[in-house]
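[1] Can you look at this prediction? I've put the sequence above it.
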Amino acid sequence: MRDFLDQLDKAGDLAHVRREVSTKHEVAAVAGKLDGRPLLFENIRETKGYRVVAGVCGDRTTLARAIGVDRRKLFEKIIGSIERPKPFRVVGRLPARKW
């Protein structure tokens, strides 16, 4: 997820919301007004030090970028993943990285 957010940010496709917002109503309201655009809320009132991301799957183009597939092949990729899921693997505790 961090790599994808970096990619969106470098392309100018990630909007940053730096003002303090509440997760109770404001995050959803702002995300709704921006109609699925990827957003990074950097100042969450209820959880200082945490951020919230929204809209990373807000449209087919962004979803296709997130999973690394051409937009025209998105449906095929999703159906294939449902029909032939890859086994998951458990990884140990990962080090935190500041994004």
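    Cool, the structure landed. Residues are numbered from 1 along each chain as shown.

[2] I'd say Thr62 and Ala54 touch.
    No - using C-beta atoms under 8 Å, Thr62 and Ala54 do not qualify as a contacting pair, with a distance of 11.4 Å. Backbone N, C-alpha and C define where each C-beta goes, glycine included.

[3] shared neighbours of these two, which are they?
    Pro38 (C-beta atoms under 8 Å, 6 or more residues apart in numbering).

[4] what helices or strands is the helix or strand hosting Asp3 leaning on?
    Following DSSP states H and E, the helix or strand that holds Asp3 is helix 2-10. In terms of contacts (3 or more C-beta pairs under 8 Å, 6 or more residues apart in numbering; DSSP states H and E), helix 2-10 is packed against helix 60-67.

[5] between the helix it packs on and helix 2-10, how big is the angle?
    Interaxial angle, helix 60-67 versus helix 2-10 (axes from the mean of the first three to the mean of the last three C-alpha atoms, to 10 degrees): 130 degrees.

[6] For the helix or strand just after helix 60-67, enumerate the helices and strands it packs against.
    The first helix or strand that comes after helix 60-67 along the chain, using DSSP H and E, is helix 74-83. The contact analysis (3+ C-beta pairs under 8 Å, 6+ apart) places helix 74-83 against helix 60-67.

[7] Let me know the angle separating the helix it packs on from helix 74-83.
    Going by the same axes, to 10 degrees, helix 60-67 makes 50 degrees with helix 74-83.

[8] For helix 60-67, the averaged confidence score.
    In this model, helix 60-67 has a mean pLDDT of 92.
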